[in-house]
Structures are given as C-alpha cells and as structure tokens.
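# Have a look at this prediction, sequence included:
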Amino acid sequence: MRHAETSPDQQAGIVEQELLAAERHAALREACTRLPRCCQQLISMLTEDPPVPYAQISASLNIPVGSVGRRRSRCLDKLRRDPVIAALINAAKGELSGQAPAR
C-alpha cells in the first residue's frame, strides 16, 4: 500500500506505529548498554547481518563453542529483566490480550 493512497487517519496510524518502533529500538539499545561487557559483545556478534558463527564467537570471546548458546540465553534473560525492557514486554503482552497499556 502506498502512503499517497491512505487516508489521514491511516497515515497518522502508520506514523504512530513507526514512532513506537523507533522508541522500542532506542530503549533496547539503551538497555544493552547496561548489560555486562561480555553480554554486549556476544549480543552484538549474534545480531550482525549475517550472524557470526558460533565457532568465530567462541574464538573471539575466548569461550568454549558449547557455551555460546547458554551464555546467549543468560544474557537475554538479563536483558528481559531490565526494567525498561520488562515494561515493554508487559505492555506488548497487554496489547496482545486486548488490554489497554498502562500509562
């Protein structure tokens, strides 16, 4: 759908969704800065495009290749527990269940 063919209300909705996505991305980047350095490095390598292979992560971070997945899981758990990210997750769950987001 092209923006020129949408109504002003639809355009406002699109802009609102784009702003919300930008705010979420900014919050995620900020939360990542509060992670331990080892988690920052790992998540950075895993989110590169294309993702860095586990063998290369293992060599770069000096950790056993078999530990990369477990470490990734622990780092993501820390990220989910960040207060800002936890609030975003709870708001998203509320939106999915049809509840109005808490303000």
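Sure thing, it's come through.

# List the buried residues for stretch 30-49?
By neighbour count, and taking 16 or more other CB atoms under 10 Å as the criterion, the buried residues in stretch 30-49 are Ala31, Cys32, Leu35, Cys39, Leu42, Ile43, Met45. All C-beta atoms are positioned from the backbone trio N, CA, C, and that covers glycine.

# Just the residues you listed: which are in helices?
Among the buried residues of stretch 30-49, the ones falling in helices (DSSP state H) are Ala31, Cys32, Cys39, Leu42, Ile43, Met45.

# Kindly reformat those as JSON lines containing pLDDT and distance to Gln10.
Compiled in JSON lines, these are given as follows (pLDDT from 0 to 100; distance: CB to CB, whole Å):
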{"residue": "Ala31", "pLDDT": "95", "distance to Gln10": "32"}
{"residue": "Cys32", "pLDDT": "95", "distance to Gln10": "33"}
{"residue": "Cys39", "pLDDT": "97", "distance to Gln10": "40"}
{"residue": "Leu42", "pLDDT": "96", "distance to Gln10": "40"}
{"residue": "Ile43", "pLDDT": "95", "distance to Gln10": "35"}
{"residue": "Met45", "pLDDT": "95", "distance to Gln10": "39"}
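
# Using the three-state scheme, assign the residue most central in space within the chain.
The chain has Leu28 as the residue nearest its centroid, 5.1 Å off, counting by CA atoms, centre = their mean. Taking DSSP: H, G, I helix; E, B strand; the rest coil as the rule, one finds Leu28 in the helix state.

# contacting residues around it?
With contact taken as CB atoms under 8 Å, 6 or more residues apart in numbering, Leu28 is in contact with Leu79, Ile85.

# what about it, distance to Arg72?
Remark: distance between Leu28 and Arg72 (CB to CB, to the nearest Å) = 16 Å.

# how far away is Ala55 from Cys75?
When CB to CB is the yardstick, Ala55 and Cys75 sit 19 Å from each other.
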